[in-house]
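Student: sequence first, predicted coordinates after that:
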Amino acid sequence: MPNFFDLNVHAYPETHTPAEEMLRVARRYGYAGIAITNHDDSVEEQQEKYPSIYMGIEIRTNSVSELNRKLKHHSGKVPLLVVHGGDEKINLAALKDHRVDILAHPCGEKGEGVLSHILVRYAVENGIAIEFNMNALIYSRRGDRARILGRMRDNLHLVRKYKAMSILTSNARSIYDLRAPREMIALTSLFGMRRGEAVSALSDIPLSILEKRWNKEKEVEIL
Amino acid sequence: MRRRDRRRYLVFEVMSEIEVDKYKLLNAIWNSMYSLYGDIGTSESKLWLVKYDKLGIGILRCAHSKVDEVRAALACIHSVNGAMVGIRVIGISGTIKGATRIA
């Protein structure tokens, strides 16, 4: 079994569930590690450190200038920089910036945003992973879910065409939102992702994102 | 010629805030299947709840080719009767004996 990682989990102080509780359940489900990425506008600083928990931050904003300001503020300080996508302008600005690691739910939490060929090309250029958010599928029904599935299908098509990185995350806000890796893989088959792609989107690619960041940190230390 | 349908037994575990009633859970599973695959897809899956105990461990029977579909439907259940739940498949077996051993 490969090592699975869930790189978008929200925990205390943004939600009521403490991070170690999340890790306990995730471990039980078969994950090697999780990344806590609380929204930057709901928490200020997070210092807690546990092995197998990576403390990231998810930047949520409506304006491009604010996004750039926040990226400047956070870059280099957190191991994982995630941008809360959805809005077309924000998607574009985030994918143009090499400091970003992951663009979270580019189709928005309700399926309102779109990715385009241009955006995915920027993602490849800057090594940014496109997230597929399973929580959106779990919590929506009927029309909403149909729209989200359609968007994910389109995104998957673009990701395949340009060989962009894609990752699967639960975007969990409580332990009941977490899903075991095999369940996540089964969910991806709903929008046509192949098994192999889904496995690597849950194991190799998240690991490579984390390693990239470690290597950068090491380089800084050597200098 | 095959005499019997090939089946799979899925052993699943429900993690929930409060104890979940068997019939409410079954209802949620059916609703999730209908919502994802419609009436035809659901009928093809030949779903049947074999066993469910109060500890949150249960056994579901389905057609052997529909395991992934059922798994996805189980993953899509987020609440039963207002209580938040998360369902995980622990193991799969081709026989009920094997499934009971896992559970």
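Tutor: Arrived safely. Numbers count the residues shown, from 1 in each chain, chains lettered A, B, ... in the order given.
Student: C-alpha from now on. contacts and neighbour counts both.
Tutor: Noted.
Student: contacts for the helix or strand harbouring B:L26, please.
Tutor: Per DSSP states H and E: B:L26 is located in helix B:22-45. Identification of contacts with helix B:22-45 by CA atoms under 8 Å, 6 or more residues apart in numbering or on different chains yields A:141-142, B:49, B:52-53, B:62-63, B:66, B:70, B:73-74, B:76-77, B:79-81.
Student: hey, where'd the strands end up in chain A?
Tutor: Counting by DSSP state E, chain A has strands at residues A:4-9, A:31-39, A:53-59, A:80-84, A:102-104, A:129-133, A:166-169.
Student: what's the offset of the shortest one from the middle of its chain?
Tutor: Remark: strand A:102-104 is offset 5 Å from the chain centroid, using CA atoms, centre = their mean, to the nearest Å.
Student: start to end distance for stretch A:106-126?
Tutor: Start-to-end span of stretch A:106-126 (CA to CA, to the nearest Å) is 16 Å.
Student: I meant stretch B:3-12, not that one.
Tutor: This stretch, stretch B:3-12, spans 28 Å end to end (CA to CA).
Student: close to chain B: what parts of chain A are there?
Tutor: A:29, A:137-139, A:141-142, A:175-180, A:183-184, A:186-187, A:190 (CA under 8 Å from any CA of the partner chain).
Student: picking that back up, please pick the buried ones from the contacts of helix B:22-45.
Tutor: By neighbour count, with 16 or more other CA atoms under 10 Å in any protein chain shown, those hold A:141, B:49, B:52, B:62-63, B:66, B:70, B:73-74, B:76-77, B:79-80 as buried.
Student: next, count neighbours for A:K163.
Tutor: Neighbours of A:K163 under the rule other CA atoms under 10 Å in any protein chain shown: 14.
Student: now, which of the buried ones among the contacts of helix B:22-45 lie within helices?
Tutor: Under the assignment DSSP state H, the buried ones among the contacts of helix B:22-45 contribute B:70, B:73-74 to helices.
Student: what helix or strand is the residue positioned nearest the centre of chain B located in?
Tutor: Closest residue to the average C-alpha location of chain B: B:L60 at 4.2 Å, with CA atoms, centre = their mean. Using DSSP H and E, B:L60 sits within strand B:57-63.
Student: pLDDT score for residue 28?
Tutor: Reading this off chain A. If you check A:R28, the pLDDT there is 89.
Student: was after chain B, sorry
Tutor: pLDDT for B:A28: 92.
Student: and chain B, which residues reach chain A?
Tutor: B:15-16, B:35, B:68-69, B:71-72, B:75-78, B:84-89.
Student: 7 Å - rerun?
Tutor: Contacts of chain B with chain A, taken as CA under 7 Å from any CA of the partner chain, map to B:15-16, B:35, B:68, B:71-72, B:75-78, B:84-86, B:88.
Student: now these in a markdown table, with pLDDT?
Tutor: What follows is those, written out as a markdown table (pLDDT from 0 to 100):
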| residue | pLDDT |
| --- | --- |
| B:M15 | 89 |
| B:S16 | 87 |
| B:S35 | 91 |
| B:D68 | 91 |
| B:R71 | 93 |
| B:A72 | 92 |
| B:A75 | 92 |
| B:C76 | 91 |
| B:I77 | 92 |
| B:H78 | 90 |
| B:M84 | 90 |
| B:V85 | 91 |
| B:G86 | 90 |
| B:R88 | 92 |
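Student: for PyMOL, what selects the buried ones among those?
Tutor: The buried residues among the residues of chain B next to chain A can be selected in PyMOL (16+ other CA under 10 Å) with this line:
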select buried, chain B and resi 15+16+35+68+71+72+75+76+77+78+84+85+86+88
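Student: and the buried ones among the contacts of helix B:22-45, which is closest to A:A19?
Tutor: Of all the buried ones among the contacts of helix B:22-45, B:S79 has the smallest distance to A:A19: 21.9 Å, by CA to CA.
Student: helices of chain A, start to end?
Tutor: So, for chain A - with DSSP H - the helices run A:19-29, A:64-74, A:88-95, A:117-126, A:134-139, A:142-162, A:181-188, A:195-202, A:204-222.
Student: just say which of these is most tucked in.
Tutor: Neighbour counts (mean count of other CA atoms under 10 Å in any protein chain shown) averaged over each of the helices of chain A peak at helix A:181-188, with a mean of 24.
Student: which helices and strands sit right next to that helix?
Tutor: Here helix A:181-188 touches helix A:195-202, helix B:67-75, going by 3 or more CA pairs under 7 Å, 6 or more residues apart in numbering or on different chains; DSSP states H and E.
Student: what's around A:A104, how many residues?
Tutor: Neighbours of A:A104 using other CA under 10 Å come to 27.
Student: wait, doesn't it sit right on A:V83?
Tutor: Yes - in this structure A:A104 lies within contact range of A:V83 using CA atoms under 7 Å: 5.8 Å.
Student: just the C-alphas of stretch A:131-142, formatted as PDB.
Tutor: Extracted as PDB, the C-alpha positions of stretch A:131-142 are listed here (Å, rounded to 0.1, in the frame of the first residue of the first chain):
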ATOM      1  CA  GLU A 131      -7.300  20.000  -6.000                       C
ATOM      2  CA  PHE A 132     -10.300  17.800  -6.400                       C
ATOM      3  CA  ASN A 133     -12.400  18.300  -3.300                       C
ATOM      4  CA  MET A 134     -14.400  15.200  -2.400                       C
ATOM      5  CA  ASN A 135     -16.300  17.000   0.400                       C
ATOM      6  CA  ALA A 136     -18.200  19.000  -2.300                       C
ATOM      7  CA  LEU A 137     -19.400  15.700  -3.800                       C
ATOM      8  CA  ILE A 138     -20.400  14.300  -0.400                       C
ATOM      9  CA  TYR A 139     -22.400  17.300   0.800                       C
ATOM     10  CA  SER A 140     -24.200  18.200  -2.400                       C
ATOM     11  CA  ARG A 141     -27.200  16.500  -4.000                       C
ATOM     12  CA  ARG A 142     -29.000  16.500  -7.300                       C
END
